[in-house]
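Asker: starting from these lines, generate the structure:
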Amino acid sequence: MNPNEKQIPVDYNKPVAYDANGKPLYAHPPIASTHVDKPNNNVVHDSEPGAQIVTDSAKPKPKKSGNDYGLNLSAGEHVILSVKRHPIGLLTPIFLGFLLFILSLTLLVNINAVVESIQVTGVEVDSISIALPIVLFMALIVFGTYVAYHVFTSNKLFITNESVIQIIQNSIFSKREQIVSLSDVENVSYTQNGIVQQMLGFGSIKLSGEGVGQVYNFTFVADPKKVMSVLNDAVEVAKKTKKDN
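Answerer: Now for the predicted structure:
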């Protein structure tokens, strides 16, 4: 190029040629796109090679505290498993209560026939003297069924990272709590007696501790094999932690 020749400035905004498809070609490199993808808050990227992508579903769930179950736990203690009782244990009291209630209701609906049948024997009675005891009996049935339901559902078993807690409700006015440290547990077993328990998936959990023999005998446990497995794992971790300390 002649140094005395005047240089004409290049307009980079105008194409200098066109390709075979008719698209313009510019003298400067293509302008980078200013579009920025929004970050996905549900994914965490690691810059290290072979890093894993962690989504919300893979994040550990928050630990259940004692307040979630009405328990007074120590600092750092949390509930691992709340053992559920199988509803089959409520079948007998509810069925019996329902049957007695229906029979009483049938008797109350046919109170006139009952009064007439009694008067045939020569005893003078009125409808109120017969209906009132029936109504009171029906109320007693409802109350008794509720008590049976309350007592059954109030018996609870909790496994924490430090202990096993059993809430024992013997009656509506009798309640107590038993606690045993996981590091003191010697043996955990479960039993399923009969084809009914095996088919419906419930049974009993038995637990024994050092020097005290059998501590817990929790009945109507849903999936007792799983509960025993979780309890054994918790006991193993607790014993190892105690040994290391």
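Asker: what sits against residue 135?
Answerer: residue 108 (CB atoms under 8 Å, 6 or more residues apart in numbering). For glycine as for every other residue, the C-beta is placed from the backbone atoms N, C-alpha and C.
Asker: would you mind measuring from it to residue 148?
Answerer: Distance, residue 135 to residue 148, using CB to CB, to the nearest Å: 21 Å.
Asker: which element follows the helix of greatest length in the chain toward the C-terminus?
Answerer: Using DSSP state H, we find that the single longest helix of the chain is helix 127-154. On the C-terminal side of helix 127-154, the closest following helix or strand by DSSP states H and E is strand 156-160.
Asker: now the helix or strand just after that following strand: buried residues?
Answerer: On the C-terminal side of strand 156-160, the closest following helix or strand by DSSP H and E is strand 163-171. Going by neighbour count (16 or more other CB atoms under 10 Å), the buried part of strand 163-171 is 163-167, 169.
Asker: and the protein, what are its domains?
Answerer: Following automatic domain parsing, the chain resolves into domains at 90-152, 159-239.
Asker: avg pLDDT for the shortest one?
Answerer: What that stands for is domain 90-152. In this model, domain 90-152 has an average pLDDT of 87.
Asker: number of nearby residues for the closest residue in space to residue 170 that isn't next to it in sequence?
Answerer: Excluding the flanking residues, the one nearest residue 170 by CB to CB, 6 or more residues apart in numbering is residue 151, at 7.3 Å. Applying other CB atoms under 10 Å, we find 16 residues neighbouring residue 151.
Asker: in contact with residue 151, which residues?
Answerer: The contact partners of residue 151, taken as CB under 8 Å, 6+ apart, are 169-172.
Asker: need phi/psi at residue 173.
Answerer: With angles defined as degrees, to the nearest 10, residue 173 sits at phi -110, psi 10.
Asker: report the separation between it and residue 226.
Answerer: From residue 173 to residue 226 the distance is 33 Å (CB to CB).
Asker: if you count what's nearby, which of those two comes out ahead?
Answerer: Using other CB under 10 Å as the criterion, residue 173 and residue 226 rank with residue 226 on top: 14 against 7.
Asker: name the element that one belongs to?
Answerer: Taking DSSP H and E as the criterion, residue 226 maps to helix 224-244.
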